[in-house]
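Asks: My questions are about this predicted structure, shown below with the sequence.
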Amino acid sequence: MEPILELEQVTKKYGRKKALDRVTLRLDKGKIIGLLGSNGSGKTTLLKLAAGIAFPTSGKVRIGGIDAGLQTKSLVSFLPDQSVLESWMRVKDAVRYYRDFYPDFKEEKAQSMLEFMKLQPNDRVTALSKGMRERLEVVLVLSRSARLYLLDEPIGGVDPVARGKILDAIVQFFDEDSTLVVCTHLVSDMERVFDEVVFIREGEMILQEEVESIRVNRGLSIDGLYKEVYGE
Ligand SMILES: Nc1ncnc2c1ncn2[C@@H]1O[C@H](COP(=O)(O)OP(=O)(O)OP(=O)(O)O)[C@@H](O)[C@H]1O
C-alpha cells in the first residue's frame with residue numbers, strides 16, 4: 001500500500017540551524033498519529049513540509065506518491081498553530097469562507113460538526129472563548145475531504161472540557177480513508193486517540209511505533225514512554 005505521507009532522508013535547515021536531520025518516515029492510511037517531542041524538536045517544521053508550505057533542504061517529501069508542493073495542496077488539510085480566523089467573521093462566515101476557498105469542503109459534515117461542538121452559526125468569532133475558537137478551527141479543517149490532515153496543537157491552551165470535546169470530534173469524524181497527524185505537548189490528554197506515535201528529538205526521529213505495541217510489549221502508556229524518553 002502506498003503511504004499517504006513519506007519522508008525520505010529529509011533535512012531542513014533554517015540558516016545554520018538544522019530543524020530536521022535526515023528524517024525517514026512512512027505514514028499509512030486509516031491512522032491517527034501523534035507527532036511528539038519537546039519544544040523546538042522540529043514538529044511544526046515537519047507539518048509545514050507535509051503541508052507543502054515549506055521545502056526540505058535535502059531529501060524528499062511525498063503525499064500519496066507525489067512530491068509535496070503546489071500539486072499536493074489539495075490533498076492536505078492543515079491546521080497551523082496560528083489562528084486562521086479573521087476578527088470580522090461570524091461562525092457562518094468562517095464556514096462560507098472555507099467552502100468558497102476549498103472545492104473539497106463538505107458543508108454537511110461541517111454542519112454536523114458545528115452541532116456536535118455546540119457552535120452557533122451567528123456567534124461572532126471575537127466573542128468565542130479560546131476553547132470554542134479551537135473547536136471551530138478543528139471543524140473547518142476536518143470538514144475538507146483531504147487525504148492527509150495535519151493538526152498543530154489543536155487543544156493547546158483550552159480547558160479539559162473543551163479538550164475532551166475536540167478529541168471526541170476528532171475520533172468521531174475521522175475518515176478511515178485518510179491519515180491524521182497531530183502535534184501536541186498534552187500527551188496524556190491525547191493518547192486515547194492515537195493509533196501510532198512518532199517521537200522526534202532535536203530534529204531526529206527516534207521512534208515510530210503502534211500504540212498497541214507500546215502498551216502490550218513495553219507495558220507503558222504513551223505518556224509513560226514519553227516521560228522515560230524525554231525525562232531529564
Ligand atoms: N522560520 C524559522 N527560522 C529560524 N529557525 C526556525 C524557524 N522555524 C523553526 N526554527 C527553529 O527550528 C527548530 C524546530 O522548530 P519547530 O517549530 O519545528 O519545533 P517544534 O517541535 O514545533 O517546537 P514547539 O513544540 O515549541 O512548537 C527550533 O530550534 C526553531 O527555533
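Replies: Okay, I see it.

Asks: make it CA atoms for all contacts and neighbour counts henceforth
Replies: Will do.

Asks: now the strands: where do they sit in the chain?
Replies: For the chain, the strands defined by DSSP state E cover 5-14, 17-27, 32-36, 58-63, 66-67, 76-79, 148-152, 179-183, 196-201, 204-210.

Asks: Each with direction, which strands does the fifth one pair with?
Replies: Using DSSP bridges, strand 66-67 pairs in its sheet with strand 58-63 (antiparallel).

Asks: could you dump the partner strand to CSV, C-alpha only?
Replies: Extracted C-alpha coordinates of strand 58-63, given in CSV (Å, rounded to 0.1, in the frame of the first residue of the first chain):
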residue,chain,number,x,y,z
SER,A,58,17.6,17.9,1.1
GLY,A,59,15.6,14.7,0.8
LYS,A,60,12.1,14.0,-0.4
VAL,A,61,8.6,14.6,1.0
ARG,A,62,5.7,12.8,-0.8
ILE,A,63,2.0,12.8,-0.4
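
Asks: buried residues in it?
Replies: Judged by neighbour count (16 or more other CA atoms under 10 Å), strand 58-63 contains these buried residues: Gly59, Lys60, Val61, Arg62, Ile63.

Asks: okay, the strands of the chain in CSV with distance to Met89 and mean pLDDT next?
Replies: Listed next are the strands of the chain as CSV, based on distance: least, CA to CA, whole Å; pLDDT from 0 to 100:
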stretch, distance to Met89, mean pLDDT
strand 5-14, 33, 97
strand 17-27, 35, 96
strand 32-36, 30, 97
strand 58-63, 32, 97
strand 66-67, 35, 94
strand 76-79, 18, 93
strand 148-152, 22, 96
strand 179-183, 26, 96
strand 196-201, 36, 96
strand 204-210, 39, 96
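
Asks: Could you list the residues of this protein in contact with the ligand?
Replies: Within the chain, the positions lying close to the ligand (CA under 6 Å from any ligand atom) are Tyr14, Ala19, Ser38, Asn39, Gly40, Ser41, Gly42, Lys43, Thr44, Thr45.

Asks: Compare those residues and tell me which has the most neighbours.
Replies: Lys43 (25 neighbours; other CA atoms under 10 Å).

Asks: list the contacts for that one?
Replies: Shown in contact with Lys43 (CA atoms under 8 Å, 6 or more residues apart in numbering): Leu35, Leu36, Gly37, Cys183, Ile200.

Asks: what's the most distant pair in the residues you listed?
Replies: Maximum pairwise distance in the contacts of Lys43, criterion CA to CA, is 10.8 Å, between Cys183 and Ile200.

Asks: Those two - which one has more neighbours?
Replies: Neighbour count, other CA under 10 Å: between Cys183 and Ile200, Cys183 has more, with 26 against 23.

Asks: Report the central residue of this structure.
Replies: Central residue of the chain (CA atoms, centre = their mean): Leu151, 2.2 Å from the mean position.
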